[in-house]
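S.K.: predicted model follows, preceded by the sequence.
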Amino acid sequence: MDRNNPKSYIGIVVMLGAVWGLSEAALGMWLRSCASFMSGSIMTGIALFFIAVSWILTRRVLGVALLIAIACLFKMFDALLLSLPIQHGAVGNPIFAFLMEGLAFLILLSIYAEKKKHKTGRQAVLGGMSALLAVNLFPLVKFATGIPACVYPGTTTPLSLYYAPIAVIFSCVTVPLGFWAATKIMTLETKLKEANRIKKLRLIASPATLLLCLVIITLIRLI
């Protein structure tokens with residue numbers, strides 16, 4: 001990859017954002033049906049996976065911002081299919097969660113020694129700490145959307161805090177996986193570049209993935 005040209009990563013980040021948006025709709029719906037209370041904690045780990053991949057590929061805050069923006073647009077599209085207003089808790093609150101997950105990751109990353117980011121154990125700690133910060137920031141959603149975070153039945157404890165250990169443990173796995181996936185993507189792009197196929201692939205892969213994910217979400221909601 002050409003690390004001196006951030007524009008070369010836009011297509012891949014768009015694809016990642018589309019897949020993340022699809023996972024929020026499809027996997028999120030499945031999780032809510034079998035593990036409703038802890039679904040948000042599991043999705044935190046998934047979000048941090050995509051954020052980690054985007055960061056490693058771009059090394060740019062704007063790369064992560066673009067990823068989150070696309071995921072937010074997918075959430076809005078899903079809301080449109082469900083005839084839900086943006087202010088609805090099932091829409092506004094997840095979008096706020098996306099923003100907090102990205103913010104938490106970037107904050108922790110900024111104070112992490114560069115040499116430590118290459119060790120799997122350190123990456124796991126980065127993932128766990130990012131998740132912990134994100135779930136502690138999430139209760140602030142009440143001030144952003146006017147809709148308070150869901151609480152565990154019979155308590156006043158937000159679900160994000162009650163199931164924080166799950167988010168932390170899962171993110172300790174997903175963030176190192178994100179680092180690993182990013183290196184594999186870079187290796188693949190290098191091979192394609194050497195074969196002079198990368199330009200054609202960039203032209204079709206990104207919009208095709210975006211369109212396919214939108215179609216799948218539409219079908220999921222229509223079935």
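M.R.: It's in.
S.K.: do you know how far the most centrally placed residue in the chain is from residue 97?
M.R.: The chain has residue 47 as the residue nearest its centroid, 2.7 Å off, counting by CA atoms, centre = their mean. Separation of residue 47 from residue 97 (CB to CB, to the nearest Å) stands at 7 Å. Where C-beta positions appear, they are placed from N, C-alpha and C, glycine not excepted.
S.K.: how about the closest residue to residue 162 other than its chain neighbours, phi and psi?
M.R.: Counting by CB to CB, 6 or more residues apart in numbering, residue 162 lies nearest to residue 152, which is 4.3 Å off, once chain neighbours are set aside. Per-residue torsions, residue 152: phi -70, psi 140 (degrees, to the nearest 10).
S.K.: surely residue 152 and residue 38 touch.
M.R.: No. With contact defined as CB atoms under 8 Å, residue 152 does not reach residue 38; the gap is 10.1 Å.
S.K.: so between these two, which is more surrounded?
M.R.: Ranked by neighbour count (other CB atoms under 10 Å), residue 152 and residue 38 place residue 38 first, with 18 against 14.
S.K.: report pLDDT for that one.
M.R.: Per-residue pLDDT puts residue 38 at 86.
S.K.: residue contacts, the residue lying closest to it once chain neighbours are set aside?
M.R.: With CB to CB, 6+ apart as the criterion, residue 38 has its nearest non-adjacent residue at 4.6 Å, and that residue is residue 163. Shown in contact with residue 163 (CB atoms under 8 Å, 6 or more residues apart in numbering): 37-38, 40-41.
S.K.: if we go to 7 Å?
M.R.: By CB atoms under 7 Å, 6 or more residues apart in numbering, residue 163 lies in contact with 37-38, 41.
S.K.: same question for stretch 72-81: list its buried residues.
M.R.: For stretch 72-81, burial by neighbour count (16 or more other CB atoms under 10 Å) applies to 72-75, 77-79.
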